[in-house]
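# got a structure for you, letters missing:
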C-alpha cells in the first residue's frame with residue numbers, strides 16, 4: 001500500500017469528496033480516482049461508495065479509516081525520528097497550557113516556530129483551569145505536576161520551585177513570618193482550592209501548613225491576577241518561581257521563609273496521550289520547547 005494512496009483516502013473520507021481531496025494533494029481528479037481504485041484493489045475492498053451525487057464511506061471504509069490514520073501517524077513519526085526535512089512536517093497541533101506561563105514563555109516563541117515549520121498550524125487553548133487531554137482531543141499539554149493519569153506519557157520541560165512571597169507594602173504593615181507556624185496570623189491568598197502545603201525545614205523537619213478558609217481572604221483561579229494581588233499587598237501567597245523570578249529581582253516581591261522548601265518540588269511536563277503515536281508535528285514542537293526553554297530555564301538562571 002502506498003502512503004500517498006492512504007493519505008488520499010483519509011482526506012476523501014473527511015471531505016466526502018475525492019476530487020477535493022486530490023486537489024489538496026496536487027492531483028487531478030482522474031489521478032485521484034485511479035489511485036483510490038488501486039488502493040481498494042490492493043486491500044480487496046471498496047472503501048468508498050461513489051454515485052453521481054455524493055461519496056460515502058462503505059462499512060469496510062469505516063473499519064479501515066482509524067488504521068489508515070494510524071499508518072500515516074507512524075509514517076510521520078518515523079520520518080521525524082530520521083530527521084526528515086522540516087518542510088514535510090505538517091498538520092494542526094492542538095496544544096493546551098496554563099495561560100500565565102504560555103503568555104510569558106511560549107506565545108513569544110510562536111512566530112519563530114511557525115516560520116521554521118510552515119506546514120504546521122497551532123491551535124492553542126490557554127487556560128489556568130486544567131483542560132482534559134483526552135476529551136479535548138489535544139495532541140499535547142503543559143502540566144506543572146506529576147502524572148496521575150495512566151493513559152498519559154510525559155517529557156520533563158524544566159524544574160521549578162514553589163516559594164512564599166509578599167509585597168514590601170504588606171510586610172511593612174504586617175511583618176514577615178519567621179517560621180511556617182506564624183502563617184496562621186497572616187492574611188493568605190490561595191490559588192484555586194489550595195488548602196495545605198507540606199514544608200521541609202533546614203534540618204529536614206517537616207511542617208504542614210494548613211490554609212483554612214477563614215485565613216484565605218482571597219481565592220483566585222487566574223495566575224496573572226494571583227500575582228497582581230500579591231504585588232498589591234493582599235496577602236502572602238505561594239508562587240511558582242517561573243512566575244515571579246523577575247519581581248523578586250526588582251524587589252516588587254520579597255521571598256519569605258527561604259530556608260523552608262515545599263516537600264514535593266514541582267516540575268513542568270509536556271504531556272501527551274499514551275495511546276497516540278508521537279507524530280512528527282508533536283515531536284518537533286516538543287524538541288523546539290526543550291531547546292528554547294528547557295535547556296536554560298530563565299527562572300533558574
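Structure received. All values reported here derive from a predicted model rather than from experimental measurement. Residues are numbered from 1 along each chain as shown.

# Can you list the neighbours in contact with stretch 168-177?
Counting by CB atoms under 8 Å, 6 or more residues apart in numbering, the neighbours of stretch 168-177 from elsewhere in the structure are 166, 183, 185-187, 232-236, 251-252, 254, 256-257. C-betas here are computed from N, CA, C, even on glycine.

# mind showing which ranges of this protein have poor pLDDT?
Along the chain, the parts satisfying pLDDT under 70 run over 1, 77, 79-88, 146-151, 193-195, 211-215, 275-277.

# go with 80
Applying pLDDT under 80 to the predicted model, the residue ranges of the chain that meet it are 1-2, 52-53, 73-88, 134-135, 145-152, 192-196, 210-217, 264-265, 274-279, 301.

# farthest residue from the center of it?
residue 52 (44.6 Å; CA atoms, centre = their mean).

# sec struct for that residue, please.
When the structure is reduced to helix, strand and coil (DSSP: H, G, I helix; E, B strand; the rest coil), residue 52 reads as coil.

# Helices along the protein, start to end?
For the chain, the helices defined by DSSP state H cover 3-15, 18-24, 29-43, 59-81, 99-101, 110-116, 168-174, 223-231, 241-250, 280-289.

# what about residue 35, how many residues close to it?
For residue 35, the neighbour count with other CB atoms under 10 Å is 21.

# about what we covered before: state the distance from the residue farthest from the centre of the chain to residue 32.
Distance from residue 52 to residue 32, counting by CB to CB, to the nearest Å: 17 Å.

# and residue 2, what does it touch?
Under the contact definition (CB under 8 Å, 6+ apart), the residues listed for residue 2 are 35, 38, 39.

# redo that, cut-off 10 Å
For residue 2, the residues meeting the contact criterion (CB atoms under 10 Å, 6 or more residues apart in numbering) are 8, 35, 38, 39, 42.

# For the residue nearest to the second one when sequence neighbours are not counted, list the residues it contacts.
Meaning residue 35. Computed as CB to CB, 6 or more residues apart in numbering, the closest residue to residue 35 that is not its neighbour in sequence is residue 5, at 5.0 Å. Going by CB under 10 Å, 6+ apart, residue 5 touches 32, 34, 35, 36, 37, 38, 39, 40, 42, 43, 68.

# Would you mind measuring from residue 5 to residue 32?
From residue 5 to residue 32 the distance is 10 Å (CB to CB).

# Check residue 255 too.
63 Å.

# Look at these two and report which has more neighbours.
When residue 255 is set against residue 32 and neighbours are counted by other CB under 10 Å, the residue ahead is residue 32, at 24 against 14.

# I figured that one hits residue 20, correct?
Yes: with the criterion set as CB atoms under 10 Å, residue 32 and residue 20 qualify as a contacting pair; they are 9.1 Å apart.

# could the helices of the chain be laid out in CSV, adding distance to residue 136?
Supplementary listing: the helices of the chain in CSV, determined by distance: least, CB to CB, whole Å:
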stretch, distance to residue 136
helix 3-15, 20
helix 18-24, 26
helix 29-43, 32
helix 59-81, 18
helix 99-101, 15
helix 110-116, 20
helix 168-174, 38
helix 223-231, 20
helix 241-250, 24
helix 280-289, 15
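
# Just give me the neighbour total for residue 190.
Neighbours of residue 190 using other CB under 10 Å come to 20.
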